Structures are given as structure tokens and as C-alpha cells.
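Undergrad: Pasting a predicted model and its sequence here:
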Amino acid sequence: MADEKLQKVLARSGFGSRREMERWIEAGRIQVNNETATLGDRIRSSAVVKVDGKEAKLVFGHQADRRVLLYNKPLGEVCTRSDPEGRPTVFDRLPPLKNGRWIAIGRLDINTSGLLLFTNDGELANQLMHPSSEIDREYAVRVLGDVDDALIERLKEGVLLDDGMARFSDVQFFNGEGANKWYHCVVMEGRNREVRRLWESQGITVSRLKRVRFGPVFLQSDVKVGTWREVAQGEVKVLGNEVGLKSKRAPRITIAERTSQERRFKRQKVRQDVSPKRG
């Protein structure tokens, strides 16, 4: 078997994203055959690798068991592994892994709820989080203020924020009357508080924010707040397709297409539930 880059093997084995592994190597946390590793090191399966002094079980060649969890994050949880203030974290309720650890694919701030994905494959996490992948993220947002067609067009054309231009690739009215209304909006990046900042740039207050889709993966109603489910291997394959880890890229979908897909899914589920059981 050919030698592989150390950070790539560590990421594939679930220790973190490739960039995070590079930082660990620079910090001197990784040893290879009892020598402190350096960036650029390549290893083969016979190498003994230690992470913080403990021998690591590594996956070479390919990820045999690429797993993804879908978690319905409640308000009040933080996306760090531990919190100095003692607040609950999104990792507290996840199932344990025999090897490696769960890696969060992106983050949601403490006041945002909804869909959060985790994987044991650092390479998949790294690719999905990289800005060049342009994975669309859909949010349900409740806003307070006067929203008209011109305002929505400005949000779709682009607004200059502190960290550069940002925009929604799609915005659709969902429901509501009076001052409080629900919209669904889509962004192509994972910048800090991007959705809130876009609305607030137009003088609109965001009172609720929930992520309902990440790329091709939807938050289904049967995943209750604070619970998780394992993503089916078919969906995991599609996620890989999104970032070129498999065959071809899956097509992006609009909010209208997503709504149509959800309705078809619900109709199929109803038919399955009412169909007579054999046996």
C-alpha cells in the first residue's frame, strides 16, 4: 500500500477535519514511530501513530464505515465539545464511537435550532465545510418588520457585510400574518450568523431561526428536538457526491422543489402505514 499523508489518514479515521489535523501536527500532538510528526509526513499501515500519547487506530486506503448522524439541535446548546460555562453541548446526547470521534459538519449558534450533521469521517466533514463546495443551507426564519418585494430582491442580489458580500440564493414566504412572518431562505456558505446579519442589515429583527436542510439532507418531522437518527447509506452517498467524493455531483434544489419532495415523502409514508401487512 502506498504511503499516505498523515493528516489525511487522521481525518479519515475520525479525529477531526484535515485542517484541524494539520494544526494538531504543528502543535506537536502527533507522534509517528515515537518521533514528533511534522507537516508533510507520509505514513503506511505499519506505522505506529500516537495522538496525545495514546496509540491511534487508523483507517487506511478508504473509509470502510463512513457514518453520518442527523441531530435536531435545541436552543441553548453550544457546538463545542466542552464549555467553560457549563452549558450543554451538542455532543452530550450523541452515541459513543469505538474508534475516533464525531465531527460536527459546521455549527449553529446557541440561539439557532434545527438540523446539525455529524460524521466519523474527517475528510467528508472537511469537504462539506469548505467554502468552495457551496453546499446550500436552508433556514426557516421568523422575522419582525415590514418585508416587501424590493427588500427580498436586495437580499438576493447581495449585501455588503463586515466580512464581505453576502446574499440569499433563494427567499420564499412561508406563512404568518401581521408583524411576525415566517420565511424560508437559502445561503451557500456557513459564515458566522450570516442569516441573522443579512436580515438585520435591512432593519428586520430575527426572532426565531431554525435550519431545516443541509444540501440534500432534510430535517424530518419524526426527529424530535434533542434527538438524532443515523443517516441512511443512500443519503451518505449523496452527501459524498455533493463534494466529489463519489461519482457525480447531486443537483441543487429550490425551496419549491424541496417542499414538493417533502409532500411526496409524506404521501408515500401514509400509503405505507395504511397498506395491509402480509404474513
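TA: Looks like it came in fine.
Undergrad: distance of the residue most central in space within the chain from L209?
TA: Closest to where the C-alpha atoms of the chain average out (CA atoms, centre = their mean) is I105, at 3.5 Å. Plainly put, I105 is 18 Å away from L209 if you go by CB to CB, to the nearest Å. Quick note: C-beta positions are derived from backbone N, CA and C, even for glycine.
Undergrad: do R229 as well
TA: Between R229 and L209 the computed distance is 22 Å (CB to CB).
Undergrad: F60 too?
TA: 41 Å.
Undergrad: Compare the two (neighbour count), which wins?
TA: Counted by other CB atoms under 10 Å, F60 and L209 do not tie: L209 has more neighbours, with 22 against 16.
Undergrad: just checking, the more buried one touches R137?
TA: No. If you go by CB atoms under 8 Å, L209 and R137 don't touch, sitting 11.5 Å apart.
Undergrad: ok so, going back, find the nearest non-adjacent residue to the residue nearest to the centre of the chain, please.
TA: Leaving out its chain neighbours, the residue that sits closest to I105 by CB to CB, 6 or more residues apart in numbering is L117, at 4.2 Å.
Undergrad: My read is that that neighbour contacts V217, right?
TA: Yes. Distance between L117 and V217: 6.6 Å, which falls inside the contact criterion (CB under 8 Å).
Undergrad: Count residues in the vicinity of E123, would you?
TA: Taking other CB under 10 Å as the criterion, the count of residues near E123 is 24.
Undergrad: pLDDT score assigned to it?
TA: According to the predicted model, the pLDDT of E123 comes to 79.
Undergrad: pretty sure it is touching R12, no?
TA: Yes. With the criterion set as CB under 8 Å, E123 and R12 qualify as a contacting pair; they are 5.2 Å apart.
Undergrad: need the longest strand for the protein.
TA: strand 205-214 (DSSP state E).
Undergrad: avg pLDDT for the helix or strand following that strand?
TA: Next in sequence after strand 205-214, counting helices and strands by DSSP states H and E, comes strand 217-218. Looking at strand 217-218 alone, the average pLDDT works out to 92.
Undergrad: Could you list the paired strands of the helix or strand that comes right after strand 217-218 along with their orientation?
TA: Reading on from strand 217-218 to the C-terminus, the next helix or strand found by DSSP H and E is strand 228-230. Strand 228-230 has its sheet partners listed here by DSSP bridges as strand 68-73 (antiparallel).
Undergrad: Which residues does the partner strand contact?
TA: Counting by CB atoms under 8 Å, 6 or more residues apart in numbering, the neighbours of strand 68-73 from elsewhere in the structure are 90, 93-95, 102, 108, 112-119, 124, 217, 219, 223-231, 235-236, 239.
Undergrad: Output it as CSV, nothing but the C-alphas.
TA: Once side chains and other backbone atoms are set aside, the C-alpha atoms of strand 68-73 remain, and they are given as CSV (Å, rounded to 0.1, in the frame of the first residue of the first chain):
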residue,chain,number,x,y,z
VAL,A,68,-23.4,10.4,9.4
LEU,A,69,-25.8,11.4,12.1
LEU,A,70,-28.6,13.9,11.8
TYR,A,71,-29.3,15.8,15.0
ASN,A,72,-32.2,18.2,15.8
LYS,A,73,-30.4,20.8,17.9
